[in-house]
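A.B. asks: quick one, what's the 3D model for this:
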Amino acid sequence: MGTLLPFVTGTIWLYVVWRFVWPLPCGFACRAALAVALLLAAEYHQITGRFFGTLGSPELPQWILMCLAWAFGVVLLLALLLLLRDVVGMLVWLPARGAGRVVLQGRAVGLSIGALALVLSAVGVWQAVKIPGIRTVAVTIPGLPAAFDGYRIVQLTDLHASRLLPQSWQAAVVARADRLDPDLIVITGDLADGTPELRAADVRPLRDLRAKDGVLAIPGNHEYYSDYVRWMQAYRAMGLNMMENSHVLIRRDGASLAVAGVTDRQAGTFGLPRPDLKAALQGIPAGTPVILLEHRPGDAPANADAGVALQLSGHTHGGQILGLHFITRWANNGFVSGLYRVGPMTLYVSNGTGLWNGLALRLGRPSEITQIVLRAK
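C.D. replies: Modelled structure (predicted):
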């Protein structure tokens, strides 16, 4: 992805220059300066990754990262809006060429698109970095013992602790989750971006997560990008029960509920244990309802066949931008946000509590702290 990204963003920039910058009613110097500014915004990942840390974790102040996210969002949204304008314009041009030319070439239309991109990008960045609200979801599980009827699980996912979502942001999320007084807290991957040394302060608030039956967590793909082994040690030292193809049994009034967790497929790239559902479920007593934590939702059909009752996932961030979420859904076996029925199993895909700083935009796909209430059938 790091190798391909500059070519993708460069292509987007060329389209914006061709369809927006060049037709502007100003001199060559003005258009050239704007084109250069947009190029810097389009390729900011490469610049920050080279001079200010890494592509995954640029070490810059939060306000600078927010400004860069806004500038990149302007380029991206400009391209999307221009493409939409061009498609609509061609459809209008076919039966009515005069009207079509107004849509395709009209200055007012072009300038309006530019203004809209500026505003939408600002709104998107704000939606990306604000403290998430609470989303409550009731899930009925066949065979759930009466002792677990009403059992409340708070799911956090894709926290992506970084300079964009630093210690203060993480602490606010932890405080909001703790106020729900849940029975169990689960974190379904992508806890941080950067090394354990760089993120030590930013992940520290996770030590303050409180639930009656503790905190269970699994790795996501981002855990593998920066010293996976030491991250697992650091999380365990903070009191997080990191589940790597394993399970725990939660008991109440003589009844049991199993919570299993698997690693992420990214592990194979680094020679580490790949997801192994069979190992995670091994030893669970027959008839015990199983909740599976898996970062990516795409394996839900196979997990349902294995007898899992409820799968909790993240990874997709809900697609982040309404409309573009269809691409994310396609890339994740048809799952992107919310509740799904997969055979006898229920799948819940969270929109994510945070997100990666490389695309800090949310439009129509809000972040969330999820409260899941289990119900007996």
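A.B. asks: residues near residue 175, how many?
C.D. replies: For residue 175, the neighbour count with other C-beta atoms under 10 Å is 13. Glycine gets a C-beta too; all of them are placed from N, C-alpha and C.
A.B. asks: what helices or strands is the helix or strand containing it leaning on?
C.D. replies: Taking DSSP states H and E as the criterion, residue 175 maps to helix 167-178. Packing contacts for helix 167-178, counted by 3 or more C-beta pairs under 8 Å, 6 or more residues apart in numbering; DSSP states H and E, involve strand 152-156, helix 196-203, strand 368-376.
A.B. asks: how far does the last one sit from its chain's centre?
C.D. replies: So the one you mean is strand 368-376. Counting by C-alpha atoms, centre = their mean, to the nearest Å, strand 368-376 is centred 19 Å from the centre of its parent chain.
A.B. asks: what bits of the stretch 251-377 of the chain have low per-residue confidence?
C.D. replies: Nowhere does the stretch 251-377 of the chain drop to pLDDT under 70.
A.B. asks: quick one, strands of the stretch 51-200 of the chain?
C.D. replies: 133-141, 152-156, 184-188 (DSSP state E, counting those that start in this stretch).
A.B. asks: most tightly surrounded among those strands?
C.D. replies: Counting by mean count of other C-beta atoms under 10 Å, strand 184-188 has the highest mean neighbour count of those, with a mean of 27.
A.B. asks: and that one, C-alpha only, in CSV?
C.D. replies: Backbone C-alpha positions of strand 184-188 (Å, rounded to 0.1, in the frame of the first residue of the first chain) are rendered in CSV as follows:
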residue,chain,number,x,y,z
LEU,A,184,-17.2,-6.8,30.1
ILE,A,185,-15.1,-4.6,27.9
VAL,A,186,-13.7,-5.9,24.6
ILE,A,187,-11.2,-4.2,22.3
THR,A,188,-11.3,-5.7,18.8
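A.B. asks: if we ignore the residues flanking it in sequence, what's nearest the residue nearest to the spatial centre of the chain?
C.D. replies: The geometric centre of the chain, computed from its C-alpha atoms, lies nearest to residue 317 (C-alpha atoms, centre = their mean), at 2.8 Å. Nearest non-adjacent residue to residue 317, counting by C-beta to C-beta, 6 or more residues apart in numbering: residue 352, 4.2 Å away.
A.B. asks: just to revisit the earlier point, quick one: closest of the helices and strands packed on helix 167-178 to residue 116.
C.D. replies: Across those, residue 116 has its closest neighbour in strand 368-376 (26.3 Å, C-beta to C-beta).
A.B. asks: picking up where we left off before, and the helix holding residue 175, which residues are buried?
C.D. replies: Across helix 167-178, burial judged by 16 or more other C-beta atoms under 10 Å covers 169, 170, 173, 174, 176, 177.
A.B. asks: not counting stretch 106-125 itself, show me its contacts.
C.D. replies: Identification of contacts with stretch 106-125 by C-beta atoms under 8 Å, 6 or more residues apart in numbering yields 20, 23-25, 66, 69-71, 73-74, 76-78, 81-82, 85, 102-103, 321, 360-363.
A.B. asks: ok, now stretch 30-42?
C.D. replies: Applying C-beta under 8 Å, 6+ apart, the external contacts of stretch 30-42 come out as 9-10, 12-13, 16-17, 21-22, 24, 47, 68, 71-72, 74-75.
A.B. asks: could you redo the last one with a cut-off of 10 Å?
C.D. replies: 6, 8-14, 16-17, 20-27, 47, 67-76, 78-79, 114 (C-beta atoms under 10 Å, 6 or more residues apart in numbering).
A.B. asks: isn't residue 233 up against residue 223?
C.D. replies: No: in this structure, residue 233 is not within contact of residue 223 by C-beta atoms under 10 Å, at 12.0 Å.
A.B. asks: identify the contacts common to those two.
C.D. replies: Here residue 233 and residue 223 have residue 242 as joint contacts, going by C-beta under 10 Å, 6+ apart.
A.B. asks: more crowded one of those two?
C.D. replies: Using other C-beta under 10 Å, the more surrounded residue of residue 233 and residue 223 is residue 223, with 26 against 13.
A.B. asks: ok, that one - contacts?
C.D. replies: For residue 223, the contact set (C-beta under 10 Å, 6+ apart) comprises 189-193, 217, 231-232, 235, 242, 263-264, 266-267, 272, 295.
A.B. asks: what's the answer for residue 75, then?
C.D. replies: Neighbour list for residue 75: 9, 12-13, 15-16, 20, 37-44, 117, 121 [criterion: C-beta under 10 Å, 6+ apart].
A.B. asks: try it again at 6 Å.
C.D. replies: 38, 41, 42 (C-beta atoms under 6 Å, 6 or more residues apart in numbering).
A.B. asks: report how many residues lie close to residue 232.
C.D. replies: 18.
A.B. asks: quick one: contacts of the helix or strand hosting it?
C.D. replies: Secondary structure from DSSP H and E places residue 232 in helix 228-237. With C-beta under 6 Å, 6+ apart as the test, helix 228-237 has contacts from 196, 223, 242.
A.B. asks: now the angle from it to helix 196-203?
C.D. replies: Per axes from the mean of the first three to the mean of the last three C-alpha atoms, to 10 degrees, the angle that helix 228-237 makes with helix 196-203 is 30 degrees.
A.B. asks: after helix 228-237, which helix or strand is next? Please name it.
C.D. replies: For helix 228-237, the succeeding helix or strand toward the C-terminus, using DSSP H and E, is strand 241-242.
A.B. asks: so what's the gap between that following strand and the chain middle?
C.D. replies: How far strand 241-242 lies from its chain's middle: 21 Å, per C-alpha atoms, centre = their mean.
A.B. asks: can you tell me the SS state at residue 30?
C.D. replies: Using DSSP: H, G, I helix; E, B strand; the rest coil, the secondary structure recorded for residue 30 is helix.
A.B. asks: many thanks, I have nothing further to ask.
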